[in-house]
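**Q** okay, structure incoming, though there's no sequence with it:
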């Protein structure tokens with residue numbers, strides 16, 4: 001009997017690799033993407049788990065931690081007791097080393113006057129005159145608290161649910177959970193204020209999720225994405241031919257090794273090729289009408305400003321990008337707060353308000369969630385010496401403010417409360433894990449079901465914690 005099967009000798013390395021793939025195909029597939037073991041692909045959607053209220057998110061991230069006591073959380077007693085020592089009974093146990101070393105802790109009044117705004121009567125400082133005009137669109141959460149008292153761990157915790165780098169960020173989780181609505185742009189994009197970036201590349205990480213869910217930073221200037229443009233002498237046709245040939249080689253490799261990461265790499269190459277056209281188009285804001293520039297302010301015409309990035313964020317979500325993160329640093333006011341915080345507020349106030357109103361007038365706010373906030377709050381006492389015209393505020397993770405607007409959240413609501421000194425939460429405590437669980441819920445994702453198996457454990461954005469903040473949901 002003739003044997004029509006042809007065999008070829010294989011190396012020990014190839015044998016071990018193929019046998020591992022054969023015996024553990026389902027495990028490997030589920031590691032690379034949970035749906036792939038059941039016939040899905042790297043672009044398959046895990047969710048939504050239920051009908052979403054929001055289709056997309058814009059997170060206006062104030063890196064450095066703005067002072068909630070100077071902007072949002074009005075405490076009249078701070079004005080009455082300005083310069084008086086903060087009572088020891090208020091302090092509690094968790095303080096920074098800097099604060100613990102201070103001999104005195106004089107109370108500091110809010111820098112500017114507070115007023116009740118809009119029909120809701122929401123309190124807001126005169127430091128934010130544009131935001132003060134749209135308070136009836138905002139949901140103000142004055143009772144957020146977090147874990148770390150230091151910037152980078154607190155920033156990591158806000159976006160990944162862990163103080164330790166290496167976990168996927170929220171944008172990556174949402175991209176992984178919901179897939180893409182635009183094959184020509186990344187699903188997760190970051191914009192940073194030029195010269196005042198604040199955010200680090202770690203805050204864009206896809207962690208152990210497939211690399212296609214990594215955040216992509218768009219920069220101002222001629223090269224919005226580094227290394228995206230073709231080198232001199234390489235035409236679009238030549239690049240297309242290179243990718244087609246590479247595709248053939250990679251298909252051969254996939255047939256041999258059955259490694260899903262090969263397909264993921266090719267998907268990224270193809271995305272980069274399409275972005276050569278799509279990115280310049282979305283970054284070109286010269287065609288916006290004059291009334292839009294007037295809405296966002298004069299800075300919106302200057303590439304790399306916060307206002308310009310707000311306008312770009314709107315253009316990106318119009319094109320199907322699910323998660324856009326804006327970073328604006330410079331809020332770490334340990335000293336010189338009277339001079340620095342007005343400048344920061346001027347940089348972000350009009351752009352933030354304009355973005356929300358622009359989304360509303362286009363019918364996009366009803367299914368877009370806008371988030372505004374930093375990584376923790378600030379103390380009600382002065383850091384260092386309090387003088388007539390200068391002071392600072394130390395880090396304070398036990399009580400701070402975040403704002404939301406748009407899809408699925410109540411309008412004109414002030415949620416949660418702190419004590420008279422703005423130091424401890426006395427009503428409706430909201431942990432960062434609760435914030436993240438609620439954000440995922442608004443996107444139609446159950447934070448307990450959105451998991452990824454890595455190193456033998458099923459991870460999720462909220463770790464093993466988190467509950468919905470039902471009081472803010474509309």
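**A** That came through fine. Note that the structure is predicted; figures quoted are calculated from it, not measured.

**Q** enumerate every residue touching residue 415.
**A** 139-143, 428, 430, 469, 471-472 (CB atoms under 8 Å, 6 or more residues apart in numbering). Just so you know, the C-beta spots here come from the backbone N, C-alpha and C atoms, and that holds for glycine as well.

**Q** which among the residues you listed count as buried?
**A** For those, a burial check counting by 16 or more other CB atoms under 10 Å picks out 139-143, 430, 469, 472.

**Q** please identify the buried residues of stretch 75-93?
**A** For stretch 75-93, a neighbour-count test (16+ other CB under 10 Å) marks 75, 78, 81, 86, 90-91 as buried.

**Q** distance between the ends of it?
**A** One end of stretch 75-93 to the other measures 22 Å (CA to CA, to the nearest Å).

**Q** now that stretch, how far from the chain's geometric center?
**A** Distance, stretch centre to chain centre, for stretch 75-93: 33 Å (CA atoms, centre = their mean, to the nearest Å).

**Q** list the buried ones in stretch 358-373?
**A** For stretch 358-373, the neighbour count (16+ other CB under 10 Å) marks 358-360, 364-365, 367-373 as buried.

**Q** where does pLDDT dip in the stretch 201-350 of the chain?
**A** For the stretch 201-350 of the chain, the stretches with pLDDT under 70 are 226-228, 239, 260, 263-264, 266-275, 277-278.

**Q** what are the ranges of the strands in it?
**A** For the stretch 201-350 of the chain, strands defined by DSSP state E, counting those that start in this stretch occupy the ranges 216-218, 323-328.

**Q** let me have the ones you listed in a markdown table, extended by mean neighbour count.
**A** As requested, the strands of the stretch 201-350 of the chain are exported to a markdown table (neighbours: other CB atoms under 10 Å):
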| stretch | mean neighbour count |
| --- | --- |
| strand 216-218 | 20 |
| strand 323-328 | 26 |
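
**Q** which one of these lies closest to residue 234?
**A** For the strands of the stretch 201-350 of the chain, distance to residue 234 was read as CB to CB. The smallest value, 21.6 Å, belongs to strand 216-218.

**Q** circling back: between the strands of the stretch 201-350 of the chain, which one is nearest to residue 57?
**A** Nearest to residue 57, of the strands of the stretch 201-350 of the chain and by CB to CB, is strand 323-328 at 5.1 Å.

**Q** the closest one - contacts with which helices or strands?
**A** The contact analysis (3 or more CB pairs under 8 Å, 6 or more residues apart in numbering; DSSP states H and E) places strand 323-328 against strand 56-62, helix 170-178, strand 188-192, helix 306-318, helix 337-361.

**Q** how about those in TSV, adding distance to residue 329?
**A** Formatted as TSV, the helices and strands packed on strand 323-328 follow (distance: least, CB to CB, whole Å):
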stretch	distance to residue 329
strand 56-62	8
helix 170-178	18
strand 188-192	8
helix 306-318	10
helix 337-361	9
